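**Student:** here's a sequence, model it:
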Amino acid sequence: MSGTKKSINYAEVRYRLGLESDDNKDALCWFLTAAKYEHPIAQFHESLVLKESSHSASMLVLFKSAENHYPEAQYQLGLCFERGDGVEESETKALLWIRLASKQNHFKAQQKLAEILTKFANEGNGHAAYELAGLYRNGIGVEKSFKKCAQWLEKSCGLNHIQAMMDLAEMYDGGIGVDDSVVMAFQLYNEAAENGNIDAQYILAKRYNHGRGTPPDPTMALEWFLRAAKQGHIESQFLVAVMFKSGKGTRANPSEAIRWMTFASNQGHEEAARRLKRWSQ
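**Tutor:** Next comes the predicted model:
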């Protein structure tokens, strides 16, 4: 057994002895022994004890417990940063530690996370609005609500958050939390595509190609497929080749078709490899 494994087991034994002891002093002794061996829950208990005599020492141990992934310690450390209790007040660091605890399903941390994100979102933070939308989508720290999810995504879109545009477009496509509207979805994909999102460019090209949310326009479809293809989007490269081969949205150009089909084939597109083989025969 490795030295690290022995230390972990040793700490766990001492921590459990502390839990089982009826004598407070004896229990504290076992907790402190376990804490020295990096037992995160024991470290948290040690920080509570030290707080009565030395706040600074208590904070050092609380930090250790949080860094060792104990969610209650992460939550309490987040509150300390929020209040400036024993540390310099910092909303950013409060959010960091609260988020870590929330990811470990700490219920109070999840509620606090929603509270902090709401504050940040209302102050114009687009990423906070996007993250808050995710909490409403999944019912984390708040009551699940697709309608509120869509509302916060809309606010995030207004703050130029590209992924929010993509997510809200999907909701309009499916009528989730909003009235279904392929036109609104198209507009959001268009905005995300204009901002350089490769997936949005590919989706927008397909919508121009098939006339979904907009009149069919093969020329515009090729333009957006090309934008995505030039960024390495494999399916766009394949479809650009198909359009150059058939002359859809442009004049037929066999050499360009072969060039783009080769790009797609070299990235592992199996159908592209098969077509190249057929074209060379």
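**Student:** can you map out the helices along the stretch 151-281 of the chain?
**Tutor:** Assigned by DSSP state H, counting those that start in this stretch, the stretch 151-281 of the chain shows helices spanning 162-174, 182-194, 198-210, 218-230, 234-246, 254-266, 270-279.
**Student:** just checking, Pro40 touches Leu62?
**Tutor:** No. If you go by CB atoms under 8 Å, Pro40 and Leu62 don't touch, sitting 10.5 Å apart. In this view, the C-beta of every residue, glycine as well, is placed from N, C-alpha and C.
**Student:** more crowded one of those two?
**Tutor:** Between Pro40 and Leu62, counted using other CB atoms under 10 Å, Leu62 has the larger neighbour count: 26 against 21.
**Student:** need the pLDDT of the more buried one.
**Tutor:** For Leu62, the pLDDT comes out at 94.
**Student:** so what's it up against?
**Tutor:** Taking CB atoms under 8 Å, 6 or more residues apart in numbering, we find Leu62 in contact with Gln43, Phe44, Ser47, Ala73, Gln76, Leu77, Cys80.
**Student:** the third one: neighbour count?
**Tutor:** This points to Ser47. A count of neighbours around Ser47, defined by other CB under 10 Å, yields 24.
**Student:** with the fourth one instead?
**Tutor:** Ala73 sits with 25 neighbouring residues when counted by other CB under 10 Å.
**Student:** quick one: it and Gln43, what's the gap?
**Tutor:** Remark: distance between Ala73 and Gln43 (CB to CB, to the nearest Å) = 7 Å.
**Student:** which neighbours do the two share?
**Tutor:** Leu62, Ser65.
**Student:** who's in contact with the closest residue to Lys245 other than its chain neighbours?
**Tutor:** Excluding the flanking residues, the one nearest Lys245 by CB to CB, 6 or more residues apart in numbering is Ala257, at 3.8 Å. Contact analysis of Ala257 by CB under 8 Å, 6+ apart lists Ala241, Val242, Phe244, Lys245, Trp279.
**Student:** by neighbour count, which of those residues wins?
**Tutor:** Ala241 (28 neighbours).
**Student:** ok, that residue touching Pro254?
**Tutor:** No. With contact defined as CB under 8 Å, Ala241 does not reach Pro254; the gap is 10.0 Å.
**Student:** worst-scoring helix or strand of this protein, pLDDT-wise?
**Tutor:** helix 3-20 (a mean of 46; mean pLDDT, DSSP states H and E).
**Student:** contacts only, for the closest residue to Trp224 other than its chain neighbours.
**Tutor:** Leaving out its chain neighbours, the residue that sits closest to Trp224 by CB to CB, 6+ apart is Ala205, at 3.6 Å. Residues in contact with Ala205 (CB under 8 Å, 6+ apart) are Met220, Ala221, Leu222, Glu223, Trp224, Phe225, Ala228, Ser236, Leu239.
**Student:** for the residue most central in space within the chain, give me the pLDDT.
**Tutor:** Nearest to the mean C-alpha position of the chain, counting by CA atoms, centre = their mean, stands Glu131 at 7.8 Å. At Glu131, the model reports a pLDDT of 98.
**Student:** spatially nearest residue to it (excluding sequence neighbours)?
**Tutor:** Going by CB to CB, 6+ apart, Glu131 has Leu117 as its nearest residue, at 5.5 Å.
**Student:** quick revisit: now do the shared contacts for Pro40 and Leu62.
**Tutor:** Residues touching both Pro40 and Leu62 by CB under 8 Å, 6+ apart: Ala73.
**Student:** for the stretch 51-200 of the chain, give me the ranges with low pLDDT.
**Tutor:** Applying pLDDT under 70 to the stretch 51-200 of the chain flags no residue at all.
**Student:** now the strands: where do they sit in it?
**Tutor:** Counting by DSSP state E, counting those that start in this stretch, the stretch 51-200 of the chain has no strands at all.
**Student:** contact partners for the residue nearest to Asn125 when sequence neighbours are not counted?
**Tutor:** Residue nearest to Asn125 in three dimensions, not counting chain neighbours: Leu159, with 7.4 Å by CB to CB, 6+ apart. When the contact criterion is CB under 8 Å, 6+ apart, the partners of Leu159 are Gly124, Asn125, Gly126, Ala129.
**Student:** perfect, that will be all.
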